[in-house]
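Visitor: all I have is the shape, not the residue letters:
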């Protein structure tokens, strides 16, 4: 992304896909342990995907705002 304060790149090490995978696995585990049944369990797993995507989109927006208002040094490295 090109921002006035500088470019904001998403590194390969960024955990977006890992977060989706982990949340889907957690939803499947929770559905299994609670005995929700096949349909409700599948709905729980399906709902995990848009939640993870939304949270990651919010994280990217927050990182961009941090870069713009606090400076690029706070949007990279240990702060990221």
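Guide: Noted; the coordinates are in hand. Predicted model, so just to flag it, every value in this text is computed and none were measured. Residues are numbered from 1 along each chain as shown.
Visitor: what mean pLDDT does the biggest helix by length in the chain have?
Guide: In the chain, ranked by residue count with DSSP state H as the criterion, the top helix is helix 38-69. For helix 38-69, the mean per-residue pLDDT is 87.
Visitor: buried stuff in it?
Guide: 41, 44-45, 48, 52, 56, 63, 66-67 (16 or more other Cβ atoms under 10 Å). C-beta: built from backbone N, CA, C; applies to glycine.
Visitor: okay, those in a markdown table with distance to residue 7 next?
Guide: What follows is those, written out as a markdown table (distance: Cβ to Cβ, whole Å):
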| residue | distance to residue 7 |
| --- | --- |
| 41 | 42 |
| 44 | 38 |
| 45 | 36 |
| 48 | 31 |
| 52 | 25 |
| 56 | 19 |
| 63 | 12 |
| 66 | 14 |
| 67 | 9 |
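Visitor: ok, so of those residues, who is nearest residue 3?
Guide: The closest of the buried residues of helix 38-69 to residue 3 turns out to be residue 67 (Cβ to Cβ; 6.2 Å).
Visitor: find the nearest non-adjacent residue to that closest one, please.
Guide: residue 75 (3.7 Å; Cβ to Cβ, 6 or more residues apart in numbering).
Visitor: what residues are up against the residue nearest the centre of the chain?
Guide: Of all residues in the chain, the one closest to the mean position by Cα atoms, centre = their mean is residue 56, 2.7 Å from it. Counting by Cβ atoms under 8 Å, 6 or more residues apart in numbering, residue 56 touches 16, 19-20.
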